[in-house]
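**Q** Have a look; sequence and predicted model below, questions after that.
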Amino acid sequence: MTIGFEAPLVKRLVAGIAQQRSRDGLLGRSMNIERSNTAADSSSAGISVGSRVKLSALGAARCPRIPEKQGVIVGVGRYSNSLRVLLDGSKLPVSLHRDYLEEVLIASNELTRP
């Protein structure tokens, strides 16, 4: 007794779902976060995964609960201008708009701390 699924039909459904996801940008999303089309906003132009960031003045005004926190970028968000940031002391990352963030420069003496 067969269930009624035809192999070609299932293959076409799976291929269609994969094609739709790739068209929507859900598969193979690049982890490079740098803006390539706009050089006007230099504060977030060099931000990439692993960068240490803090809230900018705009971010502190828009997110009053976390004005002093810093964190690390762990990925890209669902939208093109959102980044996933793991804030210090948090277990889970949050999505923040890239204009709300600015990179924290680490001094060379902090890198050699024991």
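**A** On my side now, so go ahead.

**Q** List the contacts of Arg52.
**A** By Cβ atoms under 8 Å, 6 or more residues apart in numbering, the residues touching Arg52 are Gln70, Gly71, Val72, Glu103, Val104, Ile106. Where you see a C-beta, it was placed from the backbone N, CA and C, and this is true even at glycine.

**Q** got the residue ranges for the helices in this protein?
**A** Under the criterion DSSP state H, helices of the chain are mapped to 7-24, 57-62, 108-111.

**Q** Give me the pLDDT for Ser51.
**A** Ser51 is assigned a predicted lDDT (pLDDT) of 91.

**Q** just to revisit the earlier point, which of the contacts of Arg52 are buried?
**A** Buried members of the contacts of Arg52, scored by 16 or more other Cβ atoms under 10 Å, are Gly71, Val72, Glu103.

**Q** want to try TSV for those residues, with pLDDT and distance to Leu55 as columns?
**A** Below are those laid out as TSV (pLDDT from 0 to 100; distance: Cβ to Cβ, whole Å):
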residue	pLDDT	distance to Leu55
Gly71	94	9
Val72	95	14
Glu103	93	12
